[in-house]
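Student: pasting the sequence and the predicted coordinates here, then a few questions.
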Amino acid sequence: MTLLIAGFVCVGLPACSGGPARTKAPAASQAAAAPLLLSCSESVGQQGQDHETVTGGVEGLILPGSDDPAGLYPIGAGRQRYYIYKAFLAVAASAAPFATVAIARPASATLVYGSPSRIGALFSTRSGQGLLTASRRKVRLPVCGPRFTGFTGGIIVAGPTCVTFEVSSRSARTTPVTVPIGPAAC
């Protein structure tokens with residue numbers, strides 16, 4: 001009996017000594033650490049600049065109305081609810097060969113981008129689990145011609161928050177930009 005009790009104590013102690021268990025947000029997964037590498041075939045094509053703010057060769061991150069709660073679409077995954085803010089990004093030809101958009105904070109925010117058909121299919125799934133699984137903390141947007149190259153997707157957050165992005169390309173230094181996603185004061 002003493003050996004049996006000692007065995008339970010030896011097995012149970014390491015499980016208890018590690019501190020409280022943490023729940024992982026979608027961004028904490030190993031898959032979310034790998035960048036999302038897009039190709040030109042996933043773009044919606046070339047277009048002119050849309051008179052939006054261009055940061056590090058990318059437009060579409062600083063949008064009027066991103067703090068509007070109506071722009072957050074709920075998606076669920078189990079008991080946790082997430083929201084996606086649809087944000088069309090376009091990369092300037094001057095950022096060639098590509099620009100990178102990474103989320104610096106919060107740790108729970110991720111990006112999901114791809115071809116319009118793929119994003120549409122992921123968005124139409126009932127639970128939104130496909131969007132969460134496909135999301136990453138960093139996306140690389142290729143330059144695909146002499147004008148702005150557009151990409152469909154969005155930003156996934158656990159709730160209204162300020163998201164800090166780091167935008168970089170070979171032609172521009174890394175530029176941080178913080179924007180409200182939903183009603184948040186940044």
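Tutor: Done, it's in.

Student: how about residue 115, phi and psi?
Tutor: Dihedral angles of residue 115 (phi, psi; degrees, to the nearest 10) stand at phi -70, psi 150.

Student: what is the burial count for it?
Tutor: Residue 115: 17 surrounding residues under other C-beta atoms under 10 Å. Every residue, glycine included, has its C-beta placed from N, CA and C.

Student: measure it to residue 42 for me?
Tutor: 4 Å (C-beta to C-beta, to the nearest Å).

Student: per-residue pLDDT of residue 64, please?
Tutor: The predicted local distance difference test score for residue 64 is 83.

Student: grab the nearest non-local neighbour of residue 71.
Tutor: Computed as C-beta to C-beta, 6 or more residues apart in numbering, the closest residue to residue 71 that is not its neighbour in sequence is residue 85, at 5.5 Å.

Student: same check on residue 110?
Tutor: Taking C-beta to C-beta, 6+ apart as the measure, residue 110 lies nearest to residue 135, with 3.6 Å between them; neighbours along the chain are not counted.

Student: cool, and residue 46?
Tutor: In space, not counting the residues next to it along the chain, residue 46 is nearest to residue 147; the distance is 4.2 Å by C-beta to C-beta, 6+ apart.

Student: how about the contacts made by the one you found?
Tutor: When contacts are counted by C-beta atoms under 8 Å, 6 or more residues apart in numbering, residue 147 is found next to 46-48, 93.

Student: from what I see, the residue nearest to residue 71 and residue 155 are in contact.
Tutor: Yes. Residue 85 lies in contact with residue 155 (C-beta atoms under 8 Å); the separation is 4.8 Å.
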